[in-house]
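Enquirer: Okay, structure incoming, though there's no sequence with it:
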DNA sequence: TCCTGATCATCT
DNA sequence: AGATGATCAGGA
């Protein structure tokens, strides 16, 4: 559909072009059929936005706009502009993590510059009628950076010390570690309580909804 | 198999 | 109602 945007300004222009449109209108422009609901197509909205904005598609562990260093995230919000879900960041490394530092981590790198595209996504609204909001670029300020780093270091320390199976979603103030897999039977390698190799459920880092709510508040005011 | 795109569904 | 753990689809 779209070529990659040449620069940030061009990307911002594209976002401005689609603000206020419904997902149905956007899909029509792309000559795509929207599923009736997201139950079996949870990634549809994100992929539609990638297509329209010219993100490099695919499942590479890279920013969506590598040349711009920008990560694209759709943000499902209710009619008050509050996030309806947490935001997935990346998978969590569970082995060979000794000595890994915050500034070299995928979390830090992916979150250094994020383009959030709010989408009105209350369950009662049919997918095609859901409206795209005003997109905004976000980079963590000093305080946000500190919170993220603190949570990340705490979670990674637990992983290194074999505490992976004690980590719950409630750990962390703004960043959480939760399952990220096809189902609860999937296993991957990790470090056990006595330092031995174990198999455990793959995990991903997520931004808590309360944290993205504060980003929205910073952007749009209360 | 792992990572991308996330939301679903249940529990508290 | 908000949060947590579970789940779905597709590409490399």
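Expert: Here it is on my side, so go on. Model, not experiment: these values are computed from the prediction.
Enquirer: and residue A:199, that one's in a strand?
Expert: Yes: under DSSP: H, G, I helix; E, B strand; the rest coil, residue A:199 sits within a strand.
Enquirer: residues touching it, list them.
Expert: Counting by C-beta atoms under 8 Å, 6 or more residues apart in numbering, residue A:199 makes contact with A:187-190. In this view, the C-beta of every residue, glycine as well, is placed from N, C-alpha and C.
Enquirer: ok, now residue A:44?
Expert: Contact partners of residue A:44, counting by C-beta under 8 Å, 6+ apart, are A:34-35, A:38, A:127.
Enquirer: Tell me which two in the residues you listed are the farthest apart.
Expert: For the contacts of residue A:44, the maximum inter-member distance is 9.6 Å, found between A:34 and A:38 (C-beta to C-beta).
Enquirer: residues shared between the contacts of the two?
Expert: Counting by C-beta under 8 Å, 6+ apart, the residues touching both residue A:34 and residue A:38 are A:44, A:127.
Enquirer: what about these two, which has more around it?
Expert: A direct count of neighbours by other C-beta atoms under 10 Å for residue A:34 and residue A:38 places residue A:34 higher, at 21 against 16.
Enquirer: Distance of the spatially most distant residue from the centre of chain A relative to residue A:201?
Expert: Distance from the C-alpha centroid of chain A, by C-alpha atoms, centre = their mean, peaks at residue A:194 (32.6 Å). Distance check for residue A:194 against residue A:201: by C-beta to C-beta, to the nearest Å, it reads 19 Å.
Enquirer: Quick one: which of the contacts of residue A:199 is the most crowded by neighbours?
Expert: Highest neighbour count within these, by other C-beta under 10 Å: residue A:190, with 21 neighbours.
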